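[1] Sequence first, then the predicted structure, then my questions.
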Amino acid sequence: MVRLGLRLLGGFLLQADARPRPLPARKAQALLAYLAVRAGRAHARDTLTGLLWGDVRERQARQSLRQAMVRLRRALAGRPRALVVQGDTVMLDARALECDVAVFERAIRRGTPEALEQAMALYRGPLLDGVHVAAPAWEEWLQSERARLGELALEALRRLVEHHQQRGRIEAATLAATRALALDPLQEDMHRALMRLHVKQGRRPAALRQYQTCVAVLQKELGVEPEAATKRLYLEILQTAAAPARRTGSPLPAADTPLVGRDAEIERLRQRLSAAVRGQGGVLLVTGEAGIGKSRLLHELTAAALARGARVLVGRAFESEQILPFRPWVEALRQALALLRDAPGGSSPRRGELARVFPELGGDGAPPPITAAGHLRLFESLDGVIAELARTQPLVVLLEDVQWADEMSLRLLAFVGRRLVDRPVLLAVTARDEDLVDTPPLARTLDELTPLPHVEHVRLGPLSRSATTALVRALARSGSTATRLASTTDRVWAVSEGNPFVVVETMRALRDRRGDVEAVELPQRVREVIVARLARLGPRAQELARLASVLGGEFEFPVLRRASGLSRRETAAALEELVRRRIVHAVGERFDFTHARLRQAVYEGLLGPRRQALHGAVGEAVNVFDR
């Protein structure tokens, strides 16, 4: 039997025979949703009229219910037995209907890590998000169901965090804990889990910041302090001595792969560093897609800076910390807190301003809140700190992944970047190309800085075929034959298309498979990066990406629109998002994925039934245009 599918979590969509169809009027939508969540259970007509038409007379309510049921039968065309009416009761036959709420709940009950991952892939937001019905009883039911399903999702994420921690999968555990806090930021156990995970990753400042985030959320939402367990964990982390700081600062982690194919870029970085050491400050903007080698290039800059006697400070922005002001700057400058405390003027008004972002510096009374309107004195104080740090030796400040920086950090970047031209300071910044388009503050900052003569923009593209070959040879096992190296290079080039991160991960996967080139698929870590990138797309753009992956090659707009069931305007907007995010690009009058690995990751992420449904929708759309 071909089942009718209903997606209710995070939205509402009716699918019959793998063809998306619009649903009828709102109260008919609500009726279908109520019956679907309780499929197989009979409901009295009085219950249904009270749920949706409780504010009108009984006769009118019964008539409205009959009209809604007629609309549902039309929407369920082809499934005449899905809606079962017996006497004074109504129900949906669970054998003819598959609802993602039911699939979600079954996966939660199974409770295996794989089932929990499947459940969280289905959970895209509150139940029936975007469906609004003016009926108090309905709203009361909907809120209680949303709370119930939200609690199930939170419990699933808690169990996934524990599972990943037990197996040493720190990144996966961090993602699960972060998602749990996105669902409910008041979960202190998840704040504690993230603090511990940050410590395991060697990110002690991030763990301390997580505590500050927890304090702020609890105070704002509930007006309470953290639990004793949370305070104890914070004190343990606070009292644990950080690794001894070198006088030159805390550089990036050592690179574990050779750097090839970047001679021209390295030369530009070294020239800018030499100018900064001579007192001619500058800004380096390094952009490129994820995994293209931005951090690896900064490692070379760090090594060169340390060799020239410069102090290196490092900060990084994180997607989950965008609400926290100045976080990448605080992380970088906190490494020099001892210098800040001993700097001239430490007891001046500047110290009070700095206490707004460095609470450990203290101050007279509670500092005023940080606002966009009253930021100038704070900016001047932070800029003064940079000048003081550069007074005794050249200073290199590295800020990574600023596409995730908060707006105040980006404003400070422009502020400092304009003022360091006469100082021995080099400010190096990295950002991902695919995230620039949807970060207007960063785009404005780049527009301000790029025209300045002391600012250099280094755009990293993929490695050439010859550079990829050199990297493969450097990573290959010793003693590999020329034939095997040629075969390996062909496979790695096909998967990576010159992306160094993908090259490295593919070579690791090859070693794990004892040199079986044909067995190497898209590496798991590469797939995880792509999945995280796709998760930032809107729901419609994600659905178009899935349909495009099923098409398997270049595709045309009309076919995609018909297969999706969306309007022309909705399809165009979603496709435009895919192009902006560099998931898809135009190929003449057609479109295609920018990288084959993107298509592969999207397609492999589809469950079997979903894949079959999409193939059906695509096949029908193609047949229409082939007639």
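    Done, it's in. Since the model is a prediction, treat every value here as computed from it, not as a measurement.

[2] hmm, who's touching stretch 590-600?
    Outside stretch 590-600, the residues within contact range by C-beta atoms under 8 Å, 6 or more residues apart in numbering are 494-497, 499, 502, 522, 526, 530, 548-549, 552-557, 560, 575, 579, 582-585. Placement of C-beta: from N, CA and C, glycine included.

[3] Can you flag which of those residues belong to strands?
    Of the positions in the contacts of stretch 590-600, Val584, His585 sit in strands, assigned by DSSP state E.

[4] Weed out the non-buried ones from the contacts of stretch 590-600.
    Using 16 or more other C-beta atoms under 10 Å as the burial test, the contacts of stretch 590-600 include 495-497, 499, 502, 522, 526, 530, 548-549, 555, 560, 575, 582-584 as buried.

[5] Packing partners of the helix or strand hosting Leu51?
    Here Leu51 sits within helix 45-52, counting by DSSP states H and E. For helix 45-52, the helices and strands in contact under the criterion 3 or more C-beta pairs under 8 Å, 6 or more residues apart in numbering; DSSP states H and E are helix 26-37, helix 58-75, strand 89-92, helix 136-166.

[6] just how off-centre is it within its chain?
    The chain centroid and the centroid of helix 45-52 are separated by 42 Å under C-alpha atoms, centre = their mean, to the nearest Å.

[7] cool, stretch 53-62 as well?
    On the basis of C-alpha atoms, centre = their mean, stretch 53-62 is displaced by 46 Å from the centre of the chain it belongs to.

[8] Stretch 546-556 now?
    Distance, stretch centre to chain centre, for stretch 546-556: 23 Å (C-alpha atoms, centre = their mean).

[9] what's that stretch in contact with?
    Residues lying outside stretch 546-556 but in contact with it, judged by C-beta under 8 Å, 6+ apart, are 559-560, 563-564, 578, 584, 587, 589-593, 599-600, 602-603, 606, 610-611, 614-615, 617-618, 625.

[10] Of those, grab the buried ones for PyMOL.
    Buried members of the contacts of stretch 546-556, identified by 16+ other C-beta under 10 Å, are gathered into one PyMOL selection as follows:
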select buried, resi 559+560+563+564+578+584+591+592+593+599+600+602+603+606+611+614+615+617+618
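
[11] Go through the contacts of stretch 546-556 and flag which are in strands.
    Among the contacts of stretch 546-556, the members falling in strands are Val584, Val587, Arg590, Phe591, Asp592, Phe593 (criterion: DSSP E).

[12] Widest-spaced pair of the residues you listed?
    The distance between the two most remote of these (C-beta to C-beta) is 11.6 Å, for Arg590 and Phe593.

[13] What's the separation between Leu534 and Ala509?
    Between Leu534 and Ala509 the distance is 21 Å, computed by C-beta to C-beta, to the nearest Å.

[14] Tell me which residues touch the nearest residue to Glu58 once chain neighbours are set aside, please.
    Excluding its sequence neighbours, the residue lying closest to Glu58 (C-beta to C-beta, 6 or more residues apart in numbering) is Thr49, at 7.2 Å. The contact partners of Thr49, by C-beta under 8 Å, 6+ apart, come to Glu58, Ala61, Arg62, Ser64, Leu65.

[15] Just the buried subset of these, please.
    When neighbours are counted using 16+ other C-beta under 10 Å, these contain these buried positions: Ala61, Arg62, Ser64, Leu65.
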